[in-house]
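Trainee: need a structure here:
(one chain, ligands or ions: 2)
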Amino acid sequence: MIVVTGGAGFIGSNFVLDWIAQSREPVLVIDKLTYAGNVENLQGALGTSQVSLECVDICDGDRVLTLLRKHEPRAIVHFAAESHVDRSILGPGEFVRTNVNGTFALLEAARAYWSEISPSQQASFRFLHVSTDEVYGSLGPNDAPFSETTPYAPNSPYAASKAASDHLVRAYHHTYGLPTLTTNCSNNYGPFQFPEKLIPLMILNALDGKPLPVYGDGLNVRDWLYVGDHCAGVRAVLERGRPGEVYNIGGRSEMRNLEVVRAICRLLDELEPKAKGSYAEQITFVRDRPGHDRRYAINPGKIERELRWQPRETFASGLRKTVQWYLRNRGWADRVRDGRYRDWMKRQYGDAGAHEAP
Ligand code: NAD
Ligand code: TYD
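Mentor: Ligands and ions are numbered 1, 2, ... in the order given. Just a heads-up that it's a prediction; the model follows:
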């Protein structure tokens with residue numbers, strides 16, 4: 001079996017749903033169920049005997065170690081994190097706690113568990129750490145995309161906390177021989193993304209007739225990857241990646257923010273036309289994010305060459321699927337935005353599953 005931390009979040013829940021669609025191997029989700037964790041994302045999966053959930057904070061190393069000893073996983077796939085840059089600017093403490101101290105506690109639990117299993121189990125064990133391209137900092141317009149050897153230069157508290165966690169993972173491989181793998185991925189989008197991030201926020205604000213708040217001049221560039229392609233990349237690294245290695249995952253799909261928002265408006269104009277005018281009329285320019293990185297771009301050559309991974313979706317096909325998903329799942333979005341998803345979790349998990357948004 002495998003352990004997936006953060007499996008009730010956006011990418012983690014997509015990973016678990018894709019996993020059970022392709023494999024019969026059991027999954028234990030370890031998730032604190034913060035504001036970003038939503039058990040409803042896993043509804044279909046939790047109804048089966050293949051997937052179980054423990055509402056546990058990764059900072060609680062003792063509880064994590066007890067779970068590892070009980071379930072004896074062959075791998076840990078570590079998604080759990082505080083993940084939103086704007087929140088890290090308002091309150092960096094939680095980012096250091098979960099992303100740095102939490103990853104440290106998880107590594108310590110994994111190392112203790114790993115030291116107790118048989119040599120053959122030790123050889124096949126994997127600790128896969130999911131990270132971000134934001135650790136590499138910001139690119140100029142003509143700079144080459146980030147590669148696995150680009151020096152770290154994180155700019156936001158979020159990026160700095162992820163960079164610190166990447167360094168700890170690297171050190172646990174070099175010092176203790178723990179078979180770790182690290183992936184650094186570009187911006188994801190797709191089903192179940194919490195509507196604080198650019199793409200779901202714009203889709204839902206547009207449908208609600210609200211302003212579409214573009215930061216600064218809207219010319220910041222991100223490299224977009226459909227979440228299902230990211231999950232396939234993580235599975236490829238888990239099965240075929242070399243321990244101790246880093247793999248950058250990206251969609252070769254650089255877009256300016258304003259182009260992304262306009263593309264969303266065009267899709268909505270086609271799929272859910274307004275009585276009058278275009279959704280693009282709701283675009284407004286707002287004050288820029290402090291320290292806003294100008295451009296991210298990933299060179300995914302290594303994972304393409306060594307592990308034969310390729311994204312299946314183009315930005316156009318992935319964005320269409322995403323807009324269609326949000327149109328079909330207005331109830332999910334309503335429950336997330338009015339907080340009802342937390343009531344449901346409280347009923348399921350008691351106070352342990354009712355953390356307030358920071
Ligand atoms: P998310 O915020 O949607 O989900 C995070 C999950 O982690 C939630 O279920 C939350 O409850 C859980 N969690 C938070 N703190 C925890 C703790 N202390 N203990 C246990 N669980 C905790 O995040 P996401 O967008 O799904 O990102 C997943 C991972 O991928 C993160 O590590 C992030 O840095 C990385 N990543 C994200 C993107 C992106 O575009 N979203 C891109 C590259 C890398
Ligand atoms: P976001 O989804 O927060 O991801 P990240 O900061 O990790 O790249 O933002 C993507 C881009 O969109 C980023 O350049 C900031 C910008 N942005 C806006 O212009 N308006 C918004 O309301 C948000 C949330 C983001």
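
Trainee: which residues touch the residue of the chain found nearest ligand 1?
Mentor: Residue of the chain nearest ligand 1, by Cβ to the nearest ligand atom: Gly9 (2.1 Å). From N, CA and C alone the C-beta is placed, and that goes for glycine too. With Cβ atoms under 8 Å, 6 or more residues apart in numbering as the criterion, the residues that contact Gly9 are Asp31, Ala36, Gly37, Asn38, Asn41, Phe79, Ala80, Ser83, Phe194.

Trainee: swap the cut-off to 7 Å and go again
Mentor: With contacts defined as Cβ atoms under 7 Å, 6 or more residues apart in numbering, the neighbours of Gly9 are Ala36, Gly37, Phe79.

Trainee: thinking the first one is in contact with Glu196, fair?
Mentor: No - with contact defined as Cβ atoms under 7 Å, Ala36 does not count as touching Glu196 (8.4 Å).

Trainee: neighbour count: these two, which is higher?
Mentor: Taking neighbours as other Cβ atoms under 10 Å, Ala36 and Glu196 compare with Ala36 leading, 24 against 16.

Trainee: and the helix or strand hosting Thr182, is it in reach of ligand 2?
Mentor: For Thr182, the host element (DSSP states H and E) is strand 180-185. No - residues of strand 180-185 contacting ligand 2 under Cβ under 6 Å from any ligand atom: none, with a closest distance of 10.9 Å.

Trainee: now stretch 315-325
Mentor: No - no part of stretch 315-325 sits close enough to ligand 2 to count as contact by Cβ under 6 Å from any ligand atom; the gap is at least 12.8 Å.

Trainee: let me have the contacts of Gly9 in a markdown table, extended by secondary structure.
Mentor: What follows is these, written out as a markdown table (DSSP: H, G, I helix; E, B strand; the rest coil):
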| residue | secondary structure |
| --- | --- |
| Ala36 | coil |
| Gly37 | coil |
| Phe79 | coil |
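
Trainee: of the residues you listed, which are in range of ligand 1?
Mentor: When Cβ under 6 Å from any ligand atom is applied, the members of those adjacent to ligand 1 are Ala36, Gly37, Phe79.

Trainee: make JSON lines out of the residues you listed and add distance to Ala171.
Mentor: JSON lines is the format used below for the ones next to ligand 1 among the contacts of Gly9 (distance: Cβ to Cβ, whole Å):
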{"residue": "Ala36", "distance to Ala171": "27"}
{"residue": "Gly37", "distance to Ala171": "28"}
{"residue": "Phe79", "distance to Ala171": "20"}
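
Trainee: could I get those as JSON lines with pLDDT?
Mentor: What follows is the ones next to ligand 1 among the contacts of Gly9, written out as JSON lines (pLDDT from 0 to 100):
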{"residue": "Ala36", "pLDDT": "96"}
{"residue": "Gly37", "pLDDT": "96"}
{"residue": "Phe79", "pLDDT": "99"}
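
Trainee: relative to His230, which of the residues you listed is nearest.
Mentor: When those are compared for distance to His230 (Cβ to Cβ), Phe79 comes out closest, at 10.3 Å.

Trainee: contacts only, for that closest one.
Mentor: With Cβ under 7 Å, 6+ apart, Phe79 has these contacts: Val4, Thr5, Gly6, Gly7, Gly9, Ile11, Gly12, Phe15, Val130.

Trainee: and for the closest residue to ligand 2 within the stretch 1-150 of the chain, the neighbour number?
Mentor: Residue of the stretch 1-150 of the chain nearest ligand 2, by Cβ to the nearest ligand atom: Val85 (4.0 Å). Residues near Val85, counting by other Cβ under 10 Å, number 21.

Trainee: so which residues on the stretch 101-250 of the chain come close to ligand 1?
Mentor: Gly102, Val130, Thr132, Lys162, Cys185, Asn187, Asn188, Phe194.

Trainee: 5 Å instead, please
Mentor: By the criterion of Cβ under 5 Å from any ligand atom, the positions of the stretch 101-250 of the chain lying close to ligand 1 are Gly102, Val130, Thr132, Cys185, Asn187, Asn188.

Trainee: coming back round to it: quick check: the residue of the stretch 1-150 of the chain closest to ligand 2 touching Ser156?
Mentor: Yes - in terms of Cβ under 7 Å, Val85 counts as a neighbour of Ser156; the distance is 4.9 Å.
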